[in-house]
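S.K.: Give the three-dimensional model of this entry:
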Amino acid sequence: MPTGTSGQGPAGAAGPTPPGPGRQPWRAGDSFLAMWRELAPVGRHPESGGYRRYAWSAADLDCRAWFRAQAEARGLTYETDRNGNQWAWLGDPLAGDAVVTGSHLDSVPDGGAFDGPLGVVSSFAALDELHRRGAEFTRPLAITNFGDEEGARFGLACVGSRLAAGQLTVADAHRLRDADGTTLPAAMEAAGYDPGTIGPDPERLARIGAFVELHVEQGRALDLTGDPVGIASAIWPHGRWRFDFRGEANHAGTTRLADRRDPMLTYAETVLAARREAELTGALATFGKIAVEPNGVNAIPSLVRGWLDSRAADQATLDAVVTGVERAAREYAERAGIDLDVVRESFTPVVEFEHALRDELAKILEGGGDTGRPVPVLGTGAGHDAGILSASVPTAMLFVRNPTGISHSPAEHAAEDDCTAGVEALADVLEGLACS
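M.R.: Okay, the predicted model is just below:
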């Protein structure tokens, strides 16, 4: 996929420009590629090659401006909801029973290009494809960009959709702070948004008849089956736990090893314990973020704070992993004279996508495909806005093949042909749901 060059914006409200004399026939991926090239440079770090599109940052605002420009170029009704989520409407936003698609545009630190943006860009491209087909809509259609899905800045994933669905209280949202101590409301206000309106948005969610999110696969299941597109069955239960190991700060050059209360050692043993617990149960457990005080090269730490991310195919397995990690950490801490606090910072139970909608997607895609075989249905350990919204509205997901199997990294990838297949699949689904 080309990623770093600028390009012209996509077609206008009437859909893509038809081919003229001597031009190649229009393909579903043409407007996708134009938009992809335009968005690609935004928030890309010149050294790492990864993306730093953190919520309410300058790069995030540039992404939001890009989204609005795409909506207005197509003559769609643009609006931002009370929680900063962006919406682009075709048809009456108040009519109800709307079909909604989209994803997010923010990133993890030095993340890949595809996680989130693939779904947003594909949504606009799928609409262009439907205009090309001359589709007649019988239900309102909306494209959305949910804010702060990755949680890279404030430590909580899916903030925009959690607020809308009432799964994050206003009080808890106001307590969210970034590494510099900036609160979520202060960051929103600095970006020109009114934080006084944040909170549950049941009236808006009640207008949605179905939400379909397209996303790059964050694994290699489709690569192994040889399929460009798949359908999600469920999202594994997952959560984040903060482990605070408190010892005693001291001089690294004068304190005997026997006299130390070094929390870093207990933390390191806990990291290894997490790996063992995950291997024993077939689950996933990762310590990927750490904060150290006083954080000096020649100082024994007084505090090591580590965040555990754990996911499993079922709740019982997840509980067993986290319990095992905490038990081991407390045993290590007691032996070393370290104080330990464990706090669950976020949790999402298993999400079974609505079977009727999932089966409808399978029927649409199998009827329109040319492979003569069923579309793969697969589970995922990654959280998504679709999972958050599933408690309020019927939701489904499409996955596009990622041959590297890598995500949250610049090595994340999807081939041009697979992206085009994703656009066509999403267009088929939207046509089946919104034009029938």
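S.K.: how is the chain carved up into domains?
M.R.: If you go by automatic domain parsing, the domain ranges for the chain are 29-236+350-434, 239-348.
S.K.: Let me know the average pLDDT across the first one.
M.R.: Confidence over domain 29-236+350-434 (mean pLDDT, whole number) is 95.
S.K.: on that earlier part again, for the domains of the chain, please prepare a markdown table with the additional fields mean neighbour count.
M.R.: The C-beta positions use only the backbone N, C-alpha and C, and glycine is treated the same way. Output for the domains of the chain, formatted as a markdown table (neighbours: other CB atoms under 10 Å):
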| stretch | mean neighbour count |
| --- | --- |
| domain 29-236+350-434 | 20 |
| domain 239-348 | 17 |
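S.K.: In the stretch 1-150 of the chain, what residue spans correspond to helices?
M.R.: Ranges of helices in the stretch 1-150 of the chain, per DSSP state H, counting those that start in this stretch, are 29-39, 58-73, 117-133.
S.K.: Name the nearest residue to Val271, ignoring sequence neighbours.
M.R.: Distances taken as CB to CB, 6 or more residues apart in numbering put Phe287 closest to Val271, at 4.7 Å, once the chain neighbours are dropped.
S.K.: An error on my part: the question was meant for Arg242.
M.R.: Val343 (4.7 Å).
S.K.: Kindly indicate whether that neighbour is helix, strand or coil.
M.R.: Classification of Val343 by DSSP: H, G, I helix; E, B strand; the rest coil places it in strand.
S.K.: which secondary structure elements does the top helix by length along the chain contact?
M.R.: When the chain is parsed with DSSP state H, its longest helix is helix 315-336. Helix 315-336 makes packing contacts with strand 238-246, helix 263-281, strand 284-293, strand 303-311, strand 339-348 when contacts are defined by 3 or more CB pairs under 8 Å, 6 or more residues apart in numbering; DSSP states H and E.
S.K.: and Tyr78, how far is that from Val393?
M.R.: According to CB to CB, to the nearest Å, Tyr78 and Val393 sit 21 Å apart.
S.K.: hmm, back to that, I figured the residue nearest to Val271 hits Leu272, correct?
M.R.: No. With contact defined as CB atoms under 8 Å, Phe287 does not count as touching Leu272 (9.7 Å).
S.K.: want to try JSON lines for the helices and strands packed on helix 315-336, with distance to Ala95 as columns?
M.R.: Formatted as JSON lines, the helices and strands packed on helix 315-336 follow (distance: least, CB to CB, whole Å):
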{"stretch": "strand 238-246", "distance to Ala95": "35"}
{"stretch": "helix 263-281", "distance to Ala95": "47"}
{"stretch": "strand 284-293", "distance to Ala95": "42"}
{"stretch": "strand 303-311", "distance to Ala95": "38"}
{"stretch": "strand 339-348", "distance to Ala95": "31"}
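S.K.: closest one to Gly181 among those?
M.R.: Closest to Gly181 of these is strand 284-293 (CB to CB; 13.2 Å).
S.K.: Neighbouring strands - and their directions - for that closest one?
M.R.: strand 303-311 (antiparallel) (DSSP bridges).
S.K.: And for the partner strand, what's in contact with it?
M.R.: Applying CB atoms under 8 Å, 6 or more residues apart in numbering, the external contacts of strand 303-311 come out as 155, 236-247, 263-264, 266-267, 270-271, 274, 278, 283-293, 318, 321-322, 325, 345, 381.
S.K.: Return the distance of stretch 422-432 from the chain's centre.
M.R.: Offset of stretch 422-432 from its chain centre (CA atoms, centre = their mean, to the nearest Å): 21 Å.
S.K.: that older thread, per-residue confidence averaged over the longest helix of the chain?
M.R.: 97.
S.K.: and the angle for that helix with strand 284-293?
M.R.: Going by axes from the mean of the first three to the mean of the last three CA atoms, to 10 degrees, helix 315-336 is angled at 40 degrees with respect to strand 284-293.
S.K.: can you give me the angle helix 315-336 makes with helix 263-281?
M.R.: Relative orientation of helix 315-336 versus helix 263-281 (the same axes, to 10 degrees): 150 degrees.
S.K.: Alpha carbons only: can I get helix 315-336 in CSV?
M.R.: Output of helix 315-336 as CSV, limited to C-alpha atoms (Å, rounded to 0.1, in the frame of the first residue of the first chain):
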residue,chain,number,x,y,z
GLN,A,315,-14.4,-15.3,31.3
ALA,A,316,-13.3,-18.3,33.5
THR,A,317,-9.9,-18.5,31.7
LEU,A,318,-9.4,-14.7,32.0
ASP,A,319,-10.2,-14.8,35.7
ALA,A,320,-7.8,-17.7,36.2
VAL,A,321,-4.9,-15.9,34.4
VAL,A,322,-5.3,-12.6,36.3
THR,A,323,-5.8,-14.3,39.6
GLY,A,324,-2.6,-16.4,39.0
VAL,A,325,-0.6,-13.3,38.1
GLU,A,326,-1.7,-11.4,41.1
ARG,A,327,-1.1,-14.3,43.4
ALA,A,328,2.5,-14.7,42.1
ALA,A,329,3.1,-11.0,42.4
ARG,A,330,2.0,-10.9,46.0
GLU,A,331,4.2,-13.9,46.9
TYR,A,332,7.2,-12.2,45.3
ALA,A,333,6.4,-8.9,47.0
GLU,A,334,6.0,-10.5,50.4
ARG,A,335,9.4,-12.2,50.1
ALA,A,336,11.1,-9.0,49.1
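S.K.: now it, how far from the chain's geometric center?
M.R.: Counting by CA atoms, centre = their mean, helix 315-336 is centred 28 Å from the centre of its parent chain.
S.K.: and that helix with strand 339-348, angle?
M.R.: Helix 315-336 and strand 339-348 are oriented at 160 degrees to each other (the same axes, to 10 degrees).
S.K.: residues in contact with helix 315-336?
M.R.: Outside helix 315-336, the residues that touch it by CB under 8 Å, 6+ apart are 236-239, 241, 243, 245, 247, 261-263, 265-266, 269-270, 273-274, 277-278, 280-283, 285, 308, 310-312, 338-340, 342, 349-350.
S.K.: Done for today, thanks.
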